[in-house]
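In: With the sequence up front, the predicted model follows.
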Amino acid sequence: MKDLVSVIVPVYNAGTYLAPCLASIENQTYPDLEILLVDDGSTDGSGGLCDKEAARDERIRVIHKENGGLVSAWKAGASAAKGAYFAFVDSDDWLDADYIGRLAEKASGSGAEVICGGFTIERGKGTRPERVTSKALAGVYEGEKLAGLKPELIGHETRRVILSRCMKLTARDLFLSNMSYAREDIRMGEDVTVMLPCLLSCERLVLLPDSYGYHYRTVEGSMVHHYNPGLYDNVKRLWKILEEIEADYQVPDGTRRAEREFYYLMLLELKNQLRRVGKDADEKRLIRETIVSEIRETDLARIQRENPEKPRENANKLLAMMIRCPNKSAVEAIQRVFQSR
C-alpha cells in the first residue's frame, strides 16, 4: 500500500515524553505520512515544541486549540487529516521504526477496513515489558468469518479485538462516519465509542500476529492509574452509548452484550473505590456505603448471575464474591486486600 497515512497525535502537557514520541514517528520507514499534532491548550511548552518540529519537518502540521480533552483533540485531528488511513499515537507513547509499514503492507486499499496490531506495555522502573494482543486468532476477517466475530467485540472479560483507536490503521471514511458516537464527556473507555462502530461496520479486519511495535507507556498519575471520582458516572454514560451502538448496528442480543460490558466496566469502578484510602472512620464508612450503593443501584448481582462467563482474573473473582453479598463485612475484607497491593 502506498496511500497517505495520517498520524494523529493529541498533545496536552506531554512534558519530556513528547520529544521521543515525535522522533519515533518521524523516523518511520513508511514514506507516505502526514503528521498532525493537536495541541489541546498545553501550558507546559508542548505546543511550542510542536511548532519547532513542524518548522523542521514539512510532513508535520500543528493544530492549536483550547483545552477540551482527549476526545475533542483527536476529533480535531481526524477532521483535518488528509490521509486515506488514520493512525493514532498518544503523546507519551512511541513506535518501532517499522510499525506503520508493517500495518500498511496488510492494507488492501478498501475504504472500510481496519488493520490491527498488538502493543507493548512499558511500566518502567526495571519492570519487564508486557506484550498484549487481541484474543481472536490472527488473520484476515471478511464475509461470514467477520460477521461471526462482530457480536463478540464487547461483553467479555478480555477483548476479542483491541478496541483502542491506537495500534491500528483505520480507513479514513470508516472512522469519520462513526466519529459522532464519541462524546467529550466520556473520559475513560472513550476509544470504544468510536472503534466499536468502526469494527461493526467494517468489511475487512486484519489482526496481525507478532506485532508489538506500539509502546504504551504507563504514566503515574494518569487517569487510568489513580482514583477517579467521576468514574462511576462515566461508566453509566458509556453504557448508554454502547447500547445505542449495538442497537444501531442490529447486533444480535446487543442490549444484553452491552449490559455485560457494563458489568466489566463496573469491576473497574469497584477497584477504583476499593483503592481509596479513608482518612478517618467516617470517610472509610462512606467509601463502604458507596460501594454497596453502586452494586445495588446498578443491579450488578443480577447481571453477574445471568452472565454465562465467570471471572477468571483473581481480582475479579474477589469482586464477584463481594457483588454476590454486598455488605459491610465483605467490603471491609476485600478493601484490605486491594489496599495492601
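Out: Yes, it's here.
In: Now find how far off-centre stretch 89-98 is within its chain.
Out: Distance of stretch 89-98 from the chain centroid (Cα atoms, centre = their mean, to the nearest Å) equals 15 Å.
In: average pLDDT across it?
Out: Stretch 89-98 carries an average pLDDT of 97.
In: Give me the contacts around it.
Out: 7-12, 14, 17-18, 20-21, 23-25, 27-30, 46, 166, 213-217, 219, 222 (Cβ atoms under 8 Å, 6 or more residues apart in numbering). Using the backbone N, CA and C atoms, a C-beta is placed for each residue, glycine as well.
In: quick one: the helices in the protein?
Out: Along the chain, the segments classed as helices by DSSP state H run 18-26, 46-56, 70-80, 99-104, 143-149, 172-178, 192-201, 231-248, 254-274, 281-297, 300-306, 314-324, 328-339.
In: what ranges of the stretch 51-200 of the chain fall below the confidence cut-off?
Out: Across the stretch 51-200 of the chain, not a single residue meets the criterion (pLDDT under 70).
In: Next, the contact list for the closest residue to residue 15 other than its chain neighbours, please.
Out: Distances taken as Cβ to Cβ, 6 or more residues apart in numbering put residue 44 closest to residue 15, at 6.0 Å, once the chain neighbours are dropped. Residues in contact with residue 44 (Cβ under 8 Å, 6+ apart) are 13, 14, 15.
In: And the residues you listed, which of them are buried?
Out: Buried subset of the contacts of residue 44 (neighbour count, 16 or more other Cβ atoms under 10 Å): 13, 14.
In: Out of the contacts of stretch 89-98, name the ones that lie in strands.
Out: Among the contacts of stretch 89-98, the ones falling in strands (DSSP state E) are 7, 8, 9, 10, 11, 214, 215, 216, 217.
In: which one of these is nearest residue 126?
Out: residue 217 (14.8 Å; Cβ to Cβ).
In: Touching, that closest one and residue 125? I think so.
Out: No. Look at residue 217 against residue 125 with Cβ atoms under 8 Å: they stay out of range, at 11.8 Å.
In: Look at these two and report which has more neighbours.
Out: residue 217 (18 against 6; other Cβ atoms under 10 Å).
In: And the more buried one, how far from residue 196?
Out: Distance, residue 217 to residue 196, by Cβ to Cβ, to the nearest Å: 25 Å.
In: Over to residue 67?
Out: Distance, residue 67 to residue 196, using Cβ to Cβ: 26 Å.
In: Comparing those two, which residue is more hemmed in?
Out: Taking other Cβ under 10 Å, residue 67 and residue 196 do not tie; residue 196 has more neighbours (25 against 13).
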